[in-house]
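> missing the sequence, but the structure's below:
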């Protein structure tokens, strides 16, 4: 009888502990490594002020301007997406422009190997031309941060099947630009989840 009571007590305690175990698992951030990678890449560029902008671009479901119905473009060979949204900071008003270059496997390998020096060179490699209207307000000379690519970013690209994307942010208030490289997890589709985005353009390779 004592043995039975002891077993029953152990079983009851295990049941009581299960909700806490589930809660602990649910609290794990599935994007923790990607966020750390974004932080590391921006810190190396002295551009941590753009952290939230890049998180909104790479993890739109965590943004306040997230739209459940995404705009989608089929681009198996890659492409370039450009859009803007309004920005308010204290008493200043401006805008953010995000240009995302989606790369096939070959261009992703070049991106990771540091063969592209500027955003212009990446777009030229993907499209063969540089659409001037996409960069009307973005610095063409914005640098590529591949020198700062960390293990998390490389793993993210690997998890995306070897497809990568390069996100460039320009904000009109500070006049600064920054670059983040991550995996292209929606391949072969480029997606935009912002209902408040305007001046949206996409060109497939």
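Nice, I can see it. Everything numeric here is computed off the predicted structure, so don't read it as measured data.
> what's near enough to touch the residue nearest in space to the middle of the chain?
In the chain, the centroid-proximal residue (CA atoms, centre = their mean) is residue 58; its distance is 2.3 Å. Contact analysis of residue 58 by CB atoms under 8 Å, 6 or more residues apart in numbering lists 34, 38, 167, 180, 182. The way it works is simple: take the backbone N, C-alpha and C, and place the C-beta from them, glycine included.
> wait, the fourth one sits on residue 54?
It refers to residue 180. Yes: between residue 180 and residue 54 there is a contact under CB atoms under 8 Å: 4.7 Å.
> low-scoring stretches of this protein, by residue?
1-27, 62-68, 133-141, 145-147 (pLDDT under 70).
> Please enumerate the strands of the protein.
Secondary structure of the chain by DSSP state E: the strands cover 66-74, 79-89, 92-103, 164-171, 177-183, 189-194, 198-204.
> any chance of those in TSV, with distance to residue 153 and mean neighbour count too?
Output for those, formatted as TSV (distance: least, CB to CB, whole Å; neighbours: other CB atoms under 10 Å):
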stretch	distance to residue 153	mean neighbour count
strand 66-74	23	13
strand 79-89	19	19
strand 92-103	13	21
strand 164-171	9	25
strand 177-183	6	25
strand 189-194	19	19
strand 198-204	24	15
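> Minimum distance to residue 42: which of those has it?
strand 177-183 (5.8 Å; CB to CB).
> how far off strand 92-103 does that closest one point, in degrees?
Orientation check (axes from the mean of the first three to the mean of the last three CA atoms, to 10 degrees): strand 177-183 against strand 92-103 gives 40 degrees.
> Residues touching strand 177-183, excluding its own?
Strand 177-183 has contacts (CB under 8 Å, 6+ apart) with 34, 37-38, 41-42, 45, 47, 50, 53-54, 57-58, 111-112, 119, 138-139, 142-146, 149, 153, 156-160, 163-170.
> Weed out the non-buried ones from those residues.
Applying 16 or more other CB atoms under 10 Å to these, the neighbour count classes 34, 37-38, 41-42, 45, 47, 50, 53-54, 57-58, 111-112, 119, 138, 142-146, 149, 153, 156-157, 160, 163-170 as buried.
> hmm, back to that, would you check how far apart the residue nearest to the centre of the chain and residue 93 are?
25 Å (CB to CB, to the nearest Å).
> Same question for residue 116.
Taking CB to CB, one finds residue 116 at 33 Å from residue 93.
> same check, this time on residue 83
Separation of residue 83 from residue 93 (CB to CB): 18 Å.
> for residue 188, same thing?
37 Å.
> Kindly check the end-to-end length of stretch 70-87 for me.
21 Å (CA to CA, to the nearest Å).
> same question, stretch 185-203
End to end - CA to CA - stretch 185-203 spans 19 Å.
> Next: stretch 75-94.
31 Å.
> same thing with stretch 186-205?
Stretch 186-205 end-to-end distance (CA to CA) = 16 Å.
> For that stretch, which outside residues touch it?
Residues contacting stretch 186-205 (CB under 8 Å, 6+ apart): 60-61, 63, 65-68, 70-86, 100, 102, 104, 126-128, 131, 133-134, 160-161, 163.
> go again using 6 Å as the cut-off
60, 65-67, 70-85, 102, 126-127, 131, 163 (CB atoms under 6 Å, 6 or more residues apart in numbering).
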